[in-house]
Structures are given as C-alpha cells and as structure tokens.
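# sequence plus predicted model, see below.
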Amino acid sequence: ILSQSGNIFIDIASRVDLAPVSCVRCAVTGAIITTLHQADLTPLMDKGWICPERVVSAGADGKTLIYGILLKPQQLNDNNEDDDQGDGLSIIDRSPLTSSPSSVLPSSSSTYPVLVNSYAGPPDAYCPKAFSILNFLQGFVHHGFVVAMCDGHGTNRRGVEFHQTCWKNIAASGLPDVVKWLQGASVTRSWMDLTSNGVGIIGGSA
C-alpha cells in the first residue's frame, strides 16, 4: 500500500518459517520506519504445531541449488534431537511442544520415515515460500513422519533454463532433484530414514 505522497508504503512479508510482519517502509531506500504488527506463533506452538525448516541442497546435476522444506515429527521436537543446521537457514527457536498425539512410532525412535509431498509440473512452483499453517502436512508429522517438499527442474519461477527441462517432456517432474535433495538434507540430519522402507510419496495430479 503506497501513500499518496509516494514516500512511504506498507509492506506485509512472511516466510515459511516466519509469521507475517507488517511494517512501514521508505519508498526510496526500503528502510523500515516502524513495525505495525508481528503475528505471534505461540498459540499455534502451544497446540503442537510444527514449524517447517528451510533446506537448501544441490540437485541431480550436483550444482543447481534446490530449495525445499522439512517438517520434523512431533517426537523429534519433544526430544530435542536436533541436527547440525549445516545450512544455517533455520531461525525459529523450536520450544518443546505441549501436545503429544498418538504416533505410529515410539518416542524413543532415533530415525523417522520420510514422506515427500509431491506436486510437480510446468504451470507453477509448489513448495510454499510464504507462511502457512500447512494443516494437511501437520497430520502426517504428528503421526511420526518427516514430511519433505521441494521444487525440482521442470517447475516454474526459476528461470527459463530450469523450467525448460519439461519442454516436450512433460514427464520430467524433477524427481531426480528431489532424490538428490533428500540425500543431501539427510547428511546433517541423521534422524531421516531414507533406506529401511524407502521414501513414501503423497500428493495429487502430477
């Protein structure tokens, strides 16, 4: 929202691991003049909501960075079995959660099965970037799964070269990137089980 003078504007920004923040910015420099409101995640956290973690790892070509998110299972948050945070991108302090729903896994488990939420194809990018409660994914997390989501080659919003992988090859859904990204993420996250029973896939359409 731009002021009539054009000197200031209201900016509302969020991130998948950062609740929306509303502030007034200078239209010339972009500097924050004042913060109007910052959403409080405490009520969500108190009810057992799991905050996503942003993860960046190389794709199938070994050089293109693939951006995605991981949601850690309830037990992992309760037990504080954290990882090395080698990517340095996770900024949320995940306090122990109060609710303890039933799970398909014992709380003492040191590794957790992985589900990939996949929706690929050229029309768009699908891994969330802005804040959302991700209600659909939370159910799987609270039953003991690590839920992963990323956009591989062939999806949109990453430039022509990234996108054109699916040109006349609609089946190119970026799956090799997803596999490599998961493997890269698991290097510093020993609680991700990619081998015992394979990796599950959930999603729809493509």
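Yep, that arrived.

# what sits up against the helix or strand encompassing residue 114?
For residue 114, the host element (DSSP states H and E) is strand 112-118. Residues outside strand 112-118 that contact it (C-beta atoms under 8 Å, 6 or more residues apart in numbering): 72-73, 75-76, 105, 137, 140, 144-149, 173, 175, 178, 182, 191-194, 196-197, 199-203, 206. For glycine as for every other residue, the C-beta is placed from the backbone atoms N, C-alpha and C.

# buried members of these into ChimeraX, please.
The ChimeraX selection below is limited to those of the contacts of strand 112-118 classed as buried (16 or more other C-beta atoms under 10 Å):
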select :72,73,75,76,105,137,140,144,145,146,147,148,149,173,175,178,182,191,192,193,194,199,206
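
# residue 139 looks like it's in a helix, true?
Yes: with DSSP: H, G, I helix; E, B strand; the rest coil as the criterion, residue 139 is part of a helix.

# what does the pLDDT read for it?
pLDDT recorded at residue 139 is 90.

# now residue 47
Looking at residue 47, its pLDDT stands at 89.

# need the helix or strand of the chain with the lowest average pLDDT.
Lowest by mean pLDDT, DSSP states H and E among the helices and strands of the chain is helix 74-79, with a mean of 68.

# what is the subsequent helix or strand relative to the lengthiest helix in the chain?
Ordering each helix of the chain by length in residues (DSSP state H) puts helix 175-186 first. Using DSSP H and E, the next helix or strand after helix 175-186 towards the C-terminus is strand 192-193.

# average pLDDT for stretch 123-135, rounded please.
Mean pLDDT, computed over stretch 123-135, is 92.

# list the buried residues for that stretch?
125-127, 131, 134.

# which residues touch it?
Contact partners of stretch 123-135, identified using C-beta under 8 Å, 6+ apart, comprise 14-20, 39, 44, 49, 52, 67-69, 71, 119-120, 149-151, 155-158.

# show the end-to-end separation of it, please.
From its first residue to its last, stretch 123-135 covers 23 Å (C-alpha to C-alpha, to the nearest Å).

# and it, how far out from the chain's middle?
8 Å (C-alpha atoms, centre = their mean, to the nearest Å).

# same check on stretch 188-195?
Relative to the mean C-alpha coordinate of its chain, stretch 188-195 is positioned 17 Å out (C-alpha atoms, centre = their mean).

# number the chain from 59, please
From this message on, residue numbering opens at 59, which makes the last subject stretch 246-253.

# could I get it in PDB with only the CA atoms?
Extracted C-alpha coordinates of stretch 246-253, given in PDB (Å, rounded to 0.1, in the frame of the first residue of the first chain):
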ATOM      1  CA  THR A 246      23.300 -33.500   8.600                       C
ATOM      2  CA  ARG A 247      20.000 -35.000   9.800                       C
ATOM      3  CA  SER A 248      20.700 -38.500  11.000                       C
ATOM      4  CA  TRP A 249      17.100 -38.900  12.000                       C
ATOM      5  CA  MET A 250      15.900 -39.100   8.400                       C
ATOM      6  CA  ASP A 251      15.400 -42.700   7.400                       C
ATOM      7  CA  LEU A 252      15.800 -43.000   3.600                       C
ATOM      8  CA  THR A 253      16.700 -46.700   3.500                       C
END
